[in-house]
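Student: Please find the sequence and the predicted model below.
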Amino acid sequence: MDALWRSFENLAASFGDTVYLALVKDDAYQYLWRGLGNSLKLTLLAAVIGVILGLLLAIAKLQDVDNLTGNRFLVGLRRLLAGFANGYISVVRGTPAVVQLLVLYFIIYSQILKNIPGFDKIPDLVIAGIAFGINSGAYVAEIIRAGIMAVDRGQTEAGRSLGLSAGSTMLFIVIPQAVKNVLPALGNEFIVLLKETSVAGYIGIADLTKGAQTIGSTIYNFTVPLLCAAYVYFLMTTVLSSGIGVLERRLHKSD
Amino acid sequence: MIEVKNLHKYFGELEVLKGIDAHIGKGDCVCVIGPSGGGKSTFLRCINLLEMPTKGDIWIEGVSAMHNLKNLDQLRQKVGMVFQQFNLFPHMTVKENITLAPVKLKKMTKAEATDRAMELLGRVGLAEKAEEYPNRLSGGQKQRVAIARALAMDPDVLLFDEPTSALDPEMVGEVLEVMKSLALNNATMVVVTHEMGFAREVGNRIFFMDGGVISEEGTPDDIFNHPQNARTKEFLSKVL
């Protein structure tokens, strides 16, 4: 019992020193600060790619409806698009994000793209952003598809009956309402995405988690840097979810 | 104005429309009555091709719809539709609901469309609601906005799919009143309705639909006072 107590005392006494070493000495906090910058850049890039990709995939997947009629070539094309989207979503959701990141970086980028002039100078951060975007796109696609399907069929019929094309109806009538439906789930996806970027260190990107690890291995103590990193992640996700909340309330002004 | 020729519609194995021929002339107010499941709504929805006919054709202003499926959107601009469930766009104000299509389809500038919207809202008695969102309106008000929205495209014909069936009873009158004033102004209308009083008073032609065909057709006097068909007699004896 005494031994346990003494170890607590030692821990407390050395805590101040550790904080000093972990954050202050030699501006060590810069690892976390710059790491945070990289994490946010990654998240933003991945979110933009994910939403665009997700929207396209959702629309592609929605092409496969029961009573497809008309031009045989077009019907085939729509089925093909839906099939592609389905396959994409299955594969991406069925494999871990880390593995996808490693495949994209070490196989597709390092062994193939890098040999093509013009592609050889893509920053690692961009590669990672694309990898996370590709991953997130699959989840966003399902979120958006559910959101679009939740919009009453009558809305589409009303739009078409006015003479608007299928595209215009989708763009001006269905999607704005779908956005409102999907916002909570989409916010959740962004939070997941921000946290998921913590594996970017696998390909040598100095993100927030990697920054904490760097400090830890310099001062031989991981407690303070890791807890700091965790706290910063928590802060960011909290800001993100309250931001989504504000947006949601604003979009609900028509209710 | 509108010719329906040998119109058939299947939903899977089920034959809902079994060969309909009809002519709707300019200024007609055709009321389509009949029992549920008789194909009234499907017939109406085929006219603007919200339902794709399985066989037959619809001619709108001399243009065959089935031979111009690529230009369906242009054809639909000439055929306004008012739905049972209103189907107003909930994320837009009343005014935006009305101006959306004319502006996006480049029929009018935004300013022209706004003027037109205000004029139409005045006609349906809702000018003061222009900036409201649909969810703030009563059912009757929503349906009057929906009528204004359909009118904004200056359609040649207006289709009404049971426009008062989803309304509280005390709101039916205000919607029928608007429809009546349209008919008096010689708008061409096809109205699927259970409001026999309206059909009798405002309609100039009545289609009685049952079992996927128009089994009797005539003036309100023919249908309501001297029905020939046994099914028509039976139906009217139940609803009148």
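Tutor: Everything's here; your move.
Student: alpha carbons only for contacts and neighbour counts from here, please
Tutor: Will do.
Student: Could you give the number of residues near B:H67?
Tutor: Here the count is done by other CA atoms under 10 Å in any protein chain shown, and B:H67 has 12 residues near it.
Student: isn't there a helix covering it?
Tutor: No - if the criterion is DSSP: H, G, I helix; E, B strand; the rest coil, then B:H67 is coil and not within a helix.
Student: what distance separates the longest helix seen in chain B from the centre of its chain?
Tutor: Taking DSSP state H as the criterion, chain B has its longest helix at helix B:169-184. Centre-to-centre, helix B:169-184 and its host chain are 13 Å apart (CA atoms, centre = their mean, to the nearest Å).
Student: for it, what is the average pLDDT?
Tutor: Across helix B:169-184, pLDDT averages out at 94.
Student: who touches that helix?
Tutor: B:G27, B:C29, B:V124, B:G139, B:G140, B:Q143, B:R144, B:P163, B:T164, B:M189, B:F198, B:V202 (CA atoms under 8 Å, 6 or more residues apart in numbering or on different chains).
Student: Please apply the same query to stretch A:85-101.
Tutor: With CA under 8 Å, 6+ apart as the criterion, stretch A:85-101 contacts A:57-58, A:60-61, A:128, A:131-132, A:134-135, A:138-139, A:141, A:196, A:199-200, A:202-203.
Student: Just the buried ones among the residues you listed, please.
Tutor: The neighbour count (16 or more other CA atoms under 10 Å in any protein chain shown) marks A:57-58, A:60-61, A:128, A:131-132, A:134-135, A:138-139, A:141, A:196, A:199-200, A:203 as buried among the contacts of stretch A:85-101.
Student: Can you flag which of the residues you listed belong to helices?
Tutor: A:57-58, A:60-61, A:128, A:131-132, A:134-135, A:138-139, A:141, A:196.
Student: In CSV: those, plus distance to B:E3 and pLDDT.
Tutor: CSV is the format used below for those (distance: CA to CA, whole Å; pLDDT from 0 to 100):
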residue, distance to B:E3, pLDDT
A:L57, 41, 95
A:A58, 39, 93
A:A60, 37, 92
A:K61, 37, 91
A:A128, 61, 95
A:A131, 57, 96
A:F132, 56, 96
A:I134, 52, 96
A:N135, 53, 96
A:A138, 48, 96
A:Y139, 49, 96
A:A141, 43, 95
A:E196, 61, 93
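Student: Closest one to B:V79 out of those residues, please.
Tutor: Lowest distance from B:V79 to these (CA to CA) belongs to A:A60, with 29.8 Å.
Student: Give the bridge partners for B:V213, please.
Tutor: Per DSSP bridges, the residues bridged to B:V213 are B:D210.
Student: Give me the contact list for stretch B:2-22.
Tutor: By CA under 8 Å, 6+ apart, stretch B:2-22 touches B:23-25, B:38-39, B:42-43, B:47, B:52-62, B:211-214.
Student: So which of those residues belong to strands?
Tutor: Among the contacts of stretch B:2-22, the residues falling in strands (DSSP state E) are B:H23, B:I24, B:K55, B:G56, B:D57, B:I58, B:W59, B:I60, B:V213, B:I214.
Student: could these go into JSON lines alongside neighbour count?
Tutor: Shown next, in JSON lines, are those (neighbours: other CA atoms under 10 Å in any protein chain shown):
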{"residue": "B:H23", "neighbour count": "14"}
{"residue": "B:I24", "neighbour count": "18"}
{"residue": "B:K55", "neighbour count": "15"}
{"residue": "B:G56", "neighbour count": "15"}
{"residue": "B:D57", "neighbour count": "22"}
{"residue": "B:I58", "neighbour count": "25"}
{"residue": "B:W59", "neighbour count": "18"}
{"residue": "B:I60", "neighbour count": "21"}
{"residue": "B:V213", "neighbour count": "21"}
{"residue": "B:I214", "neighbour count": "24"}
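Student: which of the contacts of helix B:169-184 has the most neighbours?
Tutor: B:Q143 (30 neighbours).
Student: For the nearest residue to B:P155 once chain neighbours are set aside, which residues are in contact?
Tutor: Nearest non-adjacent residue to B:P155, counting by CA to CA, 6 or more residues apart in numbering or on different chains: B:K78, 4.2 Å away. Under the criterion of CA under 8 Å, 6+ apart, the neighbours of B:K78 are B:M153, B:D154, B:P155, B:D156, B:V157.
Student: Look up how far B:N6 lies from B:K78.
Tutor: As judged by CA to CA, to the nearest Å, B:K78 and B:N6 stand 22 Å apart.
Student: Now do the same for the spatially most central residue of chain A: helix, strand or coil?
Tutor: Nearest residue to the geometric centre of chain A (CA atoms, centre = their mean): A:L193, 3.1 Å. Here A:L193 is recorded as helix under three-state DSSP.
Student: pretty sure B:G38 contacts B:G212?
Tutor: Yes - if you go by CA atoms under 8 Å, B:G38 and B:G212 touch, sitting 5.3 Å apart.
Student: Point out where chain B drops to low pLDDT.
Tutor: Within chain B, no range satisfies pLDDT under 70.
Student: what does it have sitting close to chain A?
Tutor: Applying CA under 8 Å from any CA of the partner chain, we find that chain B lies next to chain A at B:48, B:50, B:72-77, B:79-81, B:83, B:85, B:87-93, B:101, B:104-105, B:133-136, B:150, B:153.
Student: Buried members of those into PyMOL, please.
Tutor: Buried members of those, defined by 16+ other CA under 10 Å, are picked up in PyMOL with:
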select buried, chain B and resi 48+72+73+74+75+76+77+79+80+81+83+85+87+88+89+90+91+92+93+101+105+133+134+135+150+153
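Student: From A:A28, how far off is A:A229?
Tutor: In terms of CA to CA, A:A229 sits 13 Å off from A:A28.
Student: my guess is A:A131 contacts A:L104, does it?
Tutor: Yes - using CA under 8 Å, A:A131 is in contact with A:L104, at 6.6 Å.
Student: re the thing from before, show the contacting residues for the residue nearest to the centre of chain A.
Tutor: Contacts of A:L193 by CA under 8 Å, 6+ apart are A:T43, A:A46, A:A47, A:F132, A:S136.
Student: I'd like those as TSV, with distance to chain B appended.
Tutor: As requested, these are arranged in TSV below (distance: CA to the nearest CA, whole Å):
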residue	distance to chain B
A:T43	30
A:A46	29
A:A47	25
A:F132	32
A:S136	28
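Student: so which of these comes closest to A:T223?
Tutor: A:T43 (25.2 Å).
Student: Let me see the contact set for the residue lying closest to the closest one once chain neighbours are set aside.
Tutor: Among residues not flanking A:T43 along the chain, A:L194 sits closest, at 5.4 Å (CA to CA, 6+ apart). By CA under 8 Å, 6+ apart, A:L194 lies in contact with A:S39, A:L40, A:T43, A:Y233, A:T237.
Student: host element of the third one?
Tutor: This means A:T43. Using DSSP states H and E, A:T43 falls within helix A:29-61.
Student: ok, back up a step: could you list the alpha-carbon positions for the longest helix of chain B in PDB?
Tutor: In PDB, the C-alpha atoms belonging to helix B:169-184 read as follows (Å, rounded to 0.1, in the frame of the first residue of the first chain):
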ATOM      1  CA  PRO B 169     -64.400  20.200 -44.000                       C
ATOM      2  CA  GLU B 170     -64.500  23.900 -43.200                       C
ATOM      3  CA  MET B 171     -61.700  24.600 -45.600                       C
ATOM      4  CA  VAL B 172     -63.200  22.800 -48.600                       C
ATOM      5  CA  GLY B 173     -65.300  25.800 -49.600                       C
ATOM      6  CA  GLU B 174     -62.500  28.300 -50.000                       C
ATOM      7  CA  VAL B 175     -60.600  26.000 -52.400                       C
ATOM      8  CA  LEU B 176     -63.700  25.100 -54.400                       C
ATOM      9  CA  GLU B 177     -64.500  28.800 -54.600                       C
ATOM     10  CA  VAL B 178     -61.100  29.500 -56.200                       C
ATOM     11  CA  MET B 179     -61.600  26.700 -58.600                       C
ATOM     12  CA  LYS B 180     -65.000  27.900 -59.500                       C
ATOM     13  CA  SER B 181     -63.700  31.400 -60.300                       C
ATOM     14  CA  LEU B 182     -61.100  29.800 -62.600                       C
ATOM     15  CA  ALA B 183     -63.800  27.800 -64.400                       C
ATOM     16  CA  LEU B 184     -65.900  31.000 -64.800                       C
END
